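Colleague: No letters, just coordinates:
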């Protein structure tokens, strides 16, 4: 009812407005018609005056040139006269006279004139019946003298029409030379005297002696006319040649203005063959009269006031009804948006993951070849980077899953230290480029293998370390992992203000000193002191006083609560921005995204993942000092059997190769030396730390020739800032001297630890080799293997046992279906390596042809998205064929000869790059038995196929 009332009020307003405005437009149109007709009439009059002057000039030529013998006119006289009388023809650029010459008279004419008749192209005129060469011309158009006007096609037609009609004839509009204005050429015939007024066409042609022509400046003519009239600023005028109505030619005026109100007046320029018109319109839209707004608005207000009185009584009930309707609409829109977003995520995931599957698959196959330690390290690093790239791409997908509440965590065994090494390898290149220390230290009391979601744990560490690398230009980035004996104490609130006494809030330095940190620079979190770092190594409680509620905490031995801190010496976070650090798509500063890049969703996703792991995340940050992010995560302890199956960090050959070796480390920073010792101990190497090179040399040159360790050290590792190229350059000579004196049995291998390539080039010549940080056990092992000239380590065995897998897969027939040839090659290569017989198909139709019953295959890997027939439809067809065959088996089971036959069921596993739950549900719905997402690793294929083959063998037994 309200809508009807408002619509009626609007209709009344619109009707009144339309009526008043239409009346205004009608009056405006009447005024336009009057002004346009006046201008058209005046234009015709002025054009007629100019034509009359040309007519008079034609009579003058006929009288004084042809009736006087000899002629009273020559070129000089004609030019002089036309120049003196040009004021009578202001719209003509110039006039010229062309004499009619028959072909029989041409030779005599050219001899008399002293020049040859030429065409418009200034070439000798070819032979024709008659010619019209220009013999007299005004000085302004003297360049057309001797040109045959009959040589131009349009000029010839105008001449023929002019002498046949005896009237002025006009050409098409063209640009005049000199003024570049649009104009037309007027052609007027010159007859002998005595021609009757009612002469026939033949008589007119016979009496023609020449042609008088002039160029009219149409633009100047119209411009002068409009300048004389009032209201010229209000309207715009166009003059058209409409001889060809389908393609009118504009002669004057711009083609714009208010086109809705216009008027056309026909123009008669005396040429019956050509038609012209004048089109007038307002320069701008006529203004709307004030009464067209005020009067309807007053009526509308009155109507609305009346309607509001009626609406107020109904609004109470109607508002509730309207809110319910809007909520329902928003629900439908939200559901549609969720479906569209899911489809978009599926498409993007598939397009990105499909090529990444080939990259990572080929790297897996490359790692199975015979590589040396360095090559294997490079390949593993590339593999880790590819997996990290997929993880970064998944951040947006994860955010969508988190918002939809569909993110679920895995619970599988994984090696914590191996994941941290992988994260360091991902950022090693950037840290070397910046020359910053990047290190990780894991407490020895942490179990080697825990149960949790390794991908999500790696994602959290990658986000935190990535942010630190991005915002740190000097100093260090230090990742520490320890047992959280009391998470209530460990997770304190964020610290406020500058810590360690080094800086004000404004970042002004009071004094500079070296701190007991990884790089010697100040850090934001005061708990990162050397004393607390030593407590981390021993896993003692870092606080002496604990409240009663905190003491009531009882450790669950089935769970492992980790406390991970990522410490950096970067730019820090401004205090005013620290409250929104974990807000999605928010940067700490408006200039951060421009200077450093990033989307602002990494920390928000990390916070959600930490909370899903049963932990908390917090941070301490100080501008111009750095930031320290700390989070806890509750994982599960792993059984010893699972530990043996999952441990893959280092090969047994490496542990055997370096176990029992001794090394001396020269490093004056306790925290940094502890990190180096941590990585060397992972290789089974005993390490003694000294502060200077001189101390190490004194230890080697003792009289008994031994350090505190019982075995002679074979490695001497030196930190770059502990090396002085001036005083320590002769270290090798001193060691050689000690060997000659019998104080040591062999000269240890000298290894330099550096953080940047420039240091490597500068000091590398003094050492046997140089290790680039960040330190990783695999990198150190490869370097030691090379410097000690040892053999290549044996390749690692698969975590689930290659012998078991070979015995399981050998001889099995497996069909792999994928439209991507690289993915086919990867999957086939993985399965063939363990003895499986693999056949490939590139479409669902090809797979159905191979799987016609009876077939030989034990399992099938099916891609989801394929042309012609996708994996879902292909699986439905497979299950339909099996269902038909099983029904026949059941019918035959009722007879003695048909009993004992097993039902047919081929394990079909989906291979797809989609990672959303809807895709998994669709796989199960169409009859698939499993799901492997791309990019997949070999273990995924093994675990998937192993389950069905084992269950099948048990069933058959």
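Modeller: Received, thanks. Quantities reported herein were computed from a predicted structural model and do not represent experimental measurements. Numbering: from 1, shown residues only.

Colleague: Strands along the stretch 1-150 of the chain, start to end?
Modeller: Remark: strands assigned in the stretch 1-150 of the chain by DSSP state E, counting those that start in this stretch are 92-99, 101-102, 130-131, 134-137.

Colleague: how about those, which one is nearest residue 780?
Modeller: Within the strands of the stretch 1-150 of the chain, the stretch nearest residue 780 is strand 92-99; the backing value is 94.8 Å (C-beta to C-beta). The way it works is simple: take the backbone N, C-alpha and C, and place the C-beta from them, glycine included.

Colleague: Who are the packing partners of the closest one?
Modeller: Helices and strands touching strand 92-99, by 3 or more C-beta pairs under 8 Å, 6 or more residues apart in numbering; DSSP states H and E, are helix 2-61, helix 75-84, strand 134-137, strand 182-191, strand 208-217.

Colleague: and the angle from that strand to helix 2-61?
Modeller: 50 degrees (axes from the mean of the first three to the mean of the last three C-alpha atoms, to 10 degrees).

Colleague: related to what we said a few turns ago, would JSON lines of the strands of the stretch 1-150 of the chain with distance to residue 357 be doable?
Modeller: Formatted as JSON lines, the strands of the stretch 1-150 of the chain follow (distance: least, C-beta to C-beta, whole Å):
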{"stretch": "strand 92-99", "distance to residue 357": "79"}
{"stretch": "strand 101-102", "distance to residue 357": "90"}
{"stretch": "strand 130-131", "distance to residue 357": "86"}
{"stretch": "strand 134-137", "distance to residue 357": "84"}
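
Colleague: Among those, which comes closest to residue 731?
Modeller: For the strands of the stretch 1-150 of the chain, the distance to residue 731 is smallest for strand 92-99, at 100.4 Å, taking C-beta to C-beta.

Colleague: could you give the angle of the closest one to helix 75-84?
Modeller: 150 degrees.

Colleague: Please work out the average pLDDT along strand 92-99.
Modeller: Averaging pLDDT along strand 92-99 yields 87.

Colleague: Touching that strand from outside, list them.
Modeller: The contact list for strand 92-99, computed with C-beta atoms under 8 Å, 6 or more residues apart in numbering, reads 50, 54, 57, 61, 78, 82, 86, 89, 109, 132-141, 144-145, 149, 176-179, 183, 186, 190, 209-217.

Colleague: same deal with stretch 103-113?
Modeller: With C-beta under 8 Å, 6+ apart, stretch 103-113 has contacts from 99, 101, 116, 117, 127, 128, 129, 130, 131, 133, 135, 146.

Colleague: Buried among those residues? Make that a PyMOL selection.
Modeller: Only the buried members of those end up in this PyMOL selection, burial being decided by 16 or more other C-beta atoms under 10 Å:
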select buried, resi 99+101+117+131+133+135+146
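
Colleague: Can you pick out the most distant pair from the contacts of stretch 103-113?
Modeller: So, the contacts of stretch 103-113 by C-beta to C-beta: farthest apart are 127 and 135, at 20.1 Å.

Colleague: how near is residue 603 to residue 198?
Modeller: 103 Å (C-beta to C-beta, to the nearest Å).

Colleague: Of these two, which one has the most company?
Modeller: residue 603 (22 against 6; other C-beta atoms under 10 Å).

Colleague: How about the secondary structure of the more buried one?
Modeller: Per DSSP: H, G, I helix; E, B strand; the rest coil, the local secondary structure of residue 603 is helix.

Colleague: Go ahead and confirm it touches residue 573.
Modeller: No - using C-beta atoms under 8 Å, residue 603 is not in contact with residue 573, being 10.5 Å away.

Colleague: So for those two, which residues contact both of them?
Modeller: residue 581.

Colleague: picking up where we left off before, so which of the strands of the stretch 1-150 of the chain comes closest to residue 424?
Modeller: Smallest distance to residue 424 across the strands of the stretch 1-150 of the chain (C-beta to C-beta): 86.6 Å, for strand 92-99.

Colleague: could you give the angle of that closest one to strand 182-191?
Modeller: Using the same axes, to 10 degrees: strand 92-99 against strand 182-191 is 30 degrees.

Colleague: The chain should start at 789 in everything you say after this.
Modeller: From this message on, residue numbering opens at 789, which makes the last subject strand 880-887.

Colleague: centre of the chain versus strand 880-887, how much separation?
Modeller: 67 Å (C-alpha atoms, centre = their mean, to the nearest Å).

Colleague: same deal with stretch 931-946?
Modeller: Averaging C-alpha positions (C-alpha atoms, centre = their mean) puts stretch 931-946 63 Å from its chain's average.

Colleague: Can you give the domain ranges for the chain?
Modeller: 809-1048+1055-1067, 1196-1276+1303-1324+1346-1374+1388-1426, 1437-1489+1499-1577, 1594-1679+1690-1738 (the TED database).

Colleague: any chance of those in JSON lines, plus distance to residue 1093?
Modeller: Shown next, in JSON lines, are the domains of the chain (distance: least, C-beta to C-beta, whole Å):
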{"stretch": "domain 809-1048+1055-1067", "distance to residue 1093": "25"}
{"stretch": "domain 1196-1276+1303-1324+1346-1374+1388-1426", "distance to residue 1093": "47"}
{"stretch": "domain 1437-1489+1499-1577", "distance to residue 1093": "77"}
{"stretch": "domain 1594-1679+1690-1738", "distance to residue 1093": "54"}
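
Colleague: Go through the protein and flag its longest helix.
Modeller: The longest helix of the chain (DSSP state H) is helix 1079-1155.

Colleague: Report all helices and strands that that one contacts.
Modeller: For helix 1079-1155, the packing partners by 3+ C-beta pairs under 8 Å, 6+ apart are helix 790-849, helix 1161-1192, helix 1609-1620, helix 1705-1713.
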